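**Student:** return atomic coordinates for the entry below.
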Amino acid sequence: MSTLPAGIDLFPGTTEKQWYELIVRSIREPVVSGVDMPRFPHGRVQRGFVGSADEQTLAEANNFWLHVKKTCVTASNPVTANTRFLDFGSAWGRYTRFFWRDIPAKNLFGVDVDPEIVATCRYLGVPGNFSVIEPLGKLPYADNSFDLIIAYSVFTHLPENVANHWMKELSRVAAPGAVIAYTVEPRRFLTFIETLDPASPNMWHALMATFKDRVPGLLAEFDKGEYAYIPTSGGAYRDADVYGDAAISERYIRERWGNLFRLINYHDVAAEFWQAIVTAQKP
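**Tutor:** Numbers count the residues shown, from 1 in each chain. The predicted structure is shown next:
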């Protein structure tokens, strides 16, 4: 188990803006002011999980980090050194690096279905405690374990049965009053597919373009509050039966998951985030 103190203890007085700048600096300067910072995987590895790398991916993460922290304050559950944090679908540990500013490593946890990337987090010295989970498994934590849970670009890829399974499991490990923040593809994602070219050099764009003929039906499902899903595959550890692309409406979240987490906000602002950010709180 990682025992590193919080980053704010290692760099006293560091503001949120300064912390972001420090993480960016650590891309190419792994030791900052005598402190060993977590290393970064190769840009190819970063892009394979989050679609971008280095400064670009950190700018995106910074915006989400700040959005989540503000929501926690409004939900009367601010992030503190005592907050127990879970990153569901942690990949190479992008977000534990940010939340490490306020939360000591012993209270940072991450899970992923990919054992290789979990091993990578440990090898890179990412603060936190990382575990491998099965695509339809159980989280290795007791009931009511966490005060804050995030899942960035995870529910955007899960079929409905898998999404429902994990939402129930996340509710189990969330303490009363815990905040959950996760991203979903909004309606505009489906109309975006209609603009794509099957001959695009971007492999994901080319793949999504092959589903153009399904868009009218997917939009109808979305507008009726149903789960709009395209089965694809995410490569190793993410077979087509547990991975694809999903668009989830605010209506679906209220009606299907509202008993598990009370919806705070469905934040769909394209100028700020490519995906919609859902924040909710366990009763």
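**Student:** ok, which stretches of this structure are helices?
**Tutor:** Ranges of helices in the chain, per DSSP state H, are 7-10, 16-25, 43-50, 54-74, 94-99, 115-124, 160-173, 187-193, 203-209, 215-223, 250-257.
**Student:** out of those helices, deepest packed?
**Tutor:** Across the helices of the chain, averaging neighbours per residue (mean count of other Cβ atoms under 10 Å) puts helix 94-99 on top, at a mean of 24. All C-beta atoms are positioned from the backbone trio N, CA, C, and that covers glycine.
**Student:** what's that helix packed up against?
**Tutor:** helix 16-25, helix 54-74, strand 85-88, strand 108-112 (3 or more Cβ pairs under 8 Å, 6 or more residues apart in numbering; DSSP states H and E).
**Student:** so who does Ser200 touch?
**Tutor:** Ala206, Ala209 (Cβ atoms under 8 Å, 6 or more residues apart in numbering).
**Student:** try 10 Å this time
**Tutor:** Ala206, Leu207, Met208, Ala209 (Cβ atoms under 10 Å, 6 or more residues apart in numbering).
**Student:** how about Val126?
**Tutor:** Val126 neighbours (Cβ under 10 Å, 6+ apart): 2, 37-41, 90, 92-97, 100, 105, 108, 110, 118, 120.
**Student:** low-confidence ranges in the chain?
**Tutor:** Along the chain, segments meeting pLDDT under 70 span 1-2.
**Student:** residue nearest the centroid of it?
**Tutor:** Nearest to the mean C-alpha position of the chain, counting by Cα atoms, centre = their mean, stands Tyr152 at 1.6 Å.
**Student:** report the contact partners of that one.
**Tutor:** 50, 60-61, 64-65, 68, 87-91, 94-95, 181-183, 273, 275, 277.
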